[in-house]
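Colleague: Next comes the sequence, and after it the predicted model I'd like to discuss.
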Amino acid sequence: MTLEAPTAPTRSGFPAGFVWGAATAAYQIEGAAAEDGRTPSIWDTFSRRPGAVRNGDTGDIAADHYHRYREDVALMAELGLGAYRFSLSWPRVRPGGRGPANPAGLDFYDRLVDELLARGIAPVATLYHWDLPQELEDEGGWTARDTAYRFAEYAALAADRLGDRVPTWTTLNEPWCSAFLGYGNGVHAPGRSDPAAALTAHHHLLLAHGLATGVLRERLPAAAQVSLTLNLAAVRPLTTDPGDTRAARRIDGLANRIFLDPVFHGRYPADVLADTAHLADWAFVRDGDLAEISRPIDALGLNYYTPTVVAADDPAAPAPRQDGHQGERSPWPADEGVRFLPAEGSRTAMGWPVDADGLYELLTRLRDDLPGLPLLVTENGAAYEDYADPSGAVHDPERVAYLHGHLDAVRRAIADGAPVRGYFLWSLLDNFEWAYGYGKRFGIVHVDFASQRRTPKDSAHWYAEVVRTGRLPG
Ligand code: FCB
């Protein structure tokens, strides 16, 4: 997989060399939770907490990908995918989060990578997609500075074993969710709700990213690419009134600039520091941290699902939460004075409004804010109420429409100069959708969790055609 500028985009299709992929994450698909030396992660613990995950679902078995990875890679090959974004389970690679590597755990990723390469599919490895070893959480988790150092050691173990064959690495997936849903409102593992802890966790996650980037640079071949994946928010004020634009500025700070400024400019935004001053003095930022955090990276991954519409709070009309996140409490530290509203448009099964322009807005903003930095859409997709009909087929026209609209937004952004090098559909398989359990299906391949039978949905066939032709139909 190359991040080099491909041939010029065309008005009707995608540039030659554009990377077509699909994405998954370890805890959501692997299962085999207690096999071959893997120890519990915070998600194993959290999913057992009564009421934390819908229906009491856990990732114990999930899509059983640990045992079925060959079949799953064969499916990817049938779809014609050029790349596969997966994550490594930290407690599988380094049980307990410290000490030596677990050879049996690394063997699994070794086999997976070899299988992908044998099929001509480029592996894109994410080191952290939310499954912190429970032992590290017991010592403070991401609120403990040490966790960042443990992460860098784990990154070294993974790079030493897989670095000769994995060309593209991502340190963290969506640290916003790890910090703000994990420690801010407790909707995700480890289920803590303390806004000050969320800010501390945020900084330590970024420190982990920086330290791991340094380690990966030392250990990987020079041509390897190191990246970070963020779920940046396409923030829109409801109106141009000053109250609404102030709300948008505040949420843009807490969703976007709180990551982009330290990672790309080596500083935290002054307005975010001011907005959060009543919660934290930011003394957890030590000398040298920002230099570590702002080590150059080769690409930025963007995950996008739906935009974020905000307005000045109206105490007279208290609205239910409308920011697409579960939970009664806000995940946002310091969102005082902000009201979240639904965007226009139809909704997915998550209740998330469908709005492809948000993706275009983010890609063109990144084009302007980070000139020349290669971009990857590392997640995009939708959940719908899918079922297999009596003939066994899964018809998912809404997902096809969602993907069509969003891929067209990517195509438009490329035509307008955004250096987008690839697109990874979320998700290859139906899987464990975190606090929603198995109730929400994001896959283009249907999984019957009782039999583990895989059935490509209509959207999989549609996507295969897009991948094959490099253009959108119609
Ligand atoms: C993202 C996560 C991914 C999946 C999608 C729907 O926030 O990175 O694991 O749950 O949302």
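Modeller: Thanks, I have it. Numbering: from 1, shown residues only.

Colleague: can we go C-alpha only for contacts and neighbour counts from here?
Modeller: Noted.

Colleague: What's the biggest helix in this protein, counting residues?
Modeller: As assigned by DSSP state H, the longest helix anywhere in the chain is helix 195-219.

Colleague: where exactly do the strands run in the stretch 1-150 of the chain?
Modeller: Ranges of strands within the stretch 1-150 of the chain are 19-23, 83-87, 122-128, based on DSSP state E, counting those that start in this stretch.

Colleague: quick one on the thing from earlier: which residues belonging to the longest helix of the chain are considered buried?
Modeller: Going by neighbour count (16 or more other CA atoms under 10 Å), the buried part of helix 195-219 is 195-217, 219.

Colleague: Next, count neighbours for G31.
Modeller: 20 (other CA atoms under 10 Å).

Colleague: Excluding chain neighbours, what is closest to it?
Modeller: Spatial nearest neighbour of G31, chain neighbours left out: I61 (3.7 Å); criterion: CA to CA, 6 or more residues apart in numbering.

Colleague: Which helix or which strand is home to R454?
Modeller: strand 453-456 (DSSP states H and E).

Colleague: which residues touch that strand?
Modeller: The contact list for strand 453-456, computed with CA atoms under 8 Å, 6 or more residues apart in numbering, reads G392, A393, V394, I444, V445, H446, V447, D448.

Colleague: And the closest residue to the first one other than its chain neighbours, how close does it get to D448?
Modeller: When you say that, I think you mean G392. Nearest-residue entry for G392: T455, 7.8 Å, with adjacent residues in sequence omitted and distances by CA to CA, 6+ apart. To D448, T455 is 8 Å away according to CA to CA, to the nearest Å.

Colleague: show me what contacts the residue of the chain most remote from its centre?
Modeller: Largest separation from the mean C-alpha position in the chain: A316, at 36.1 Å (CA atoms, centre = their mean). With contact set as CA under 8 Å, 6+ apart, A316 has no partners.

Colleague: part of a strand, is it?
Modeller: No - read with DSSP: H, G, I helix; E, B strand; the rest coil, A316 is coil and lies in no strand.

Colleague: Let the chain start at 741 from now.
Modeller: Noted, 741 is the first residue going forward, which turns the last one into A1056.

Colleague: What's the per-residue pLDDT of it here?
Modeller: At A1056, the predicted lDDT confidence score is 75.

Colleague: and what of L972?
Modeller: Looking at L972, the pLDDT reads 98.

Colleague: State the three-state secondary structure for it.
Modeller: L972 ends up coil, using three-state DSSP.

Colleague: residues in contact with it?
Modeller: A995, N996, L1042, N1043, Y1044, L1102.

Colleague: Sort out which of these are in strands and list them.
Modeller: L1042, N1043 (DSSP state E).

Colleague: can I assume T1048 is in contact with A973?
Modeller: Yes - proximity of T1048 to A973 meets the contact threshold set by CA atoms under 8 Å, at 6.2 Å.

Colleague: residue boundaries of the strands in the stretch 891-1040 of the chain?
Modeller: So, for the stretch 891-1040 of the chain - with DSSP E, counting those that start in this stretch - the strands run 908-913, 965-970, 975-977, 1039-1043.

Colleague: Please produce CSV containing these, extended by mean neighbour count and distance to V1206.
Modeller: What follows is the strands of the stretch 891-1040 of the chain, written out as CSV (neighbours: other CA atoms under 10 Å; distance: least, CA to CA, whole Å):
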stretch, mean neighbour count, distance to V1206
strand 908-913, 26, 23
strand 965-970, 24, 24
strand 975-977, 23, 29
strand 1039-1043, 23, 20
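
Colleague: for the ones you listed, which one sits closest to L897?
Modeller: strand 908-913 (13.3 Å; CA to CA).

Colleague: Can I get the closest one as PDB, trimmed to CA atoms?
Modeller: In PDB, the C-alpha atoms belonging to strand 908-913 read as follows (Å, rounded to 0.1, in the frame of the first residue of the first chain):
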ATOM      1  CA  THR A 908       1.100   0.600   7.500                       C
ATOM      2  CA  TRP A 909       0.600   1.100  11.300                       C
ATOM      3  CA  THR A 910      -1.900   3.100  13.300                       C
ATOM      4  CA  THR A 911      -1.100   3.800  16.900                       C
ATOM      5  CA  LEU A 912      -4.600   4.600  18.300                       C
ATOM      6  CA  ASN A 913      -8.200   4.300  17.100                       C
END
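
Colleague: list the buried ones in stretch 794-805?
Modeller: Taking 16+ other CA under 10 Å as the criterion, stretch 794-805 shows R794, D797, T798, G799, D800, I801, A802, A803, D804, H805 as buried.

Colleague: Give me the residues contacting stretch 829-842.
Modeller: By CA under 8 Å, 6+ apart, stretch 829-842 touches 766-767, 776-781, 843, 845-846, 867-869, 871-876, 890, 894, 897-898.

Colleague: Drop anything exposed from those.
Modeller: With neighbours counted by 16+ other CA under 10 Å, the contacts of stretch 829-842 contain buried members at 766-767, 777-781, 845-846, 867-869, 871-876, 890, 894, 897-898.

Colleague: State the number of residues packed around the nearest residue to V853 once chain neighbours are set aside.
Modeller: With CA to CA, 6+ apart as the measure, P863 is the residue that lies nearest to V853, at 6.4 Å, once sequence neighbours are left out. Counted with other CA under 10 Å, the neighbours of P863 add up to 24.

Colleague: repeat for D900
Modeller: 13.

Colleague: L815 now?
Modeller: 18.

Colleague: related to what we said a few turns ago, out of the contacts of L972, flag the one nearest to A1089.
Modeller: Y1044 (15.8 Å).

Colleague: Pull the number of nearby residues for the closest one.
Modeller: Neighbours of Y1044 (other CA under 10 Å): 22.

Colleague: residues in contact with it?
Modeller: N971, L972, A973, L1099, V1117, E1119, N1120.

Colleague: likewise A773?
Modeller: A773 neighbours (CA under 8 Å, 6+ apart): T779, P780, G799, D800, I801.

Colleague: same check, this time on L947
Modeller: L947 neighbours (CA under 8 Å, 6+ apart): A888, D1029, L1030, E1032, I1033.

Colleague: Report how many residues lie close to the third one.
Modeller: L1030: 22 surrounding residues under other CA under 10 Å.

Colleague: Next: the last one.
Modeller: A count of neighbours around I1033, defined by other CA under 10 Å, yields 27.

Colleague: A884 touches H943, doesn't it?
Modeller: No - using CA under 8 Å, A884 makes no contact with H943, being 10.2 Å away.

Colleague: List the ones among the contacts of stretch 829-842 that fall in helices.
Modeller: Reading helices off those with DSSP H, I get A766, Y767, P843, G845, L846, Q874, E875, L876, R890, Y894, L897, A898.
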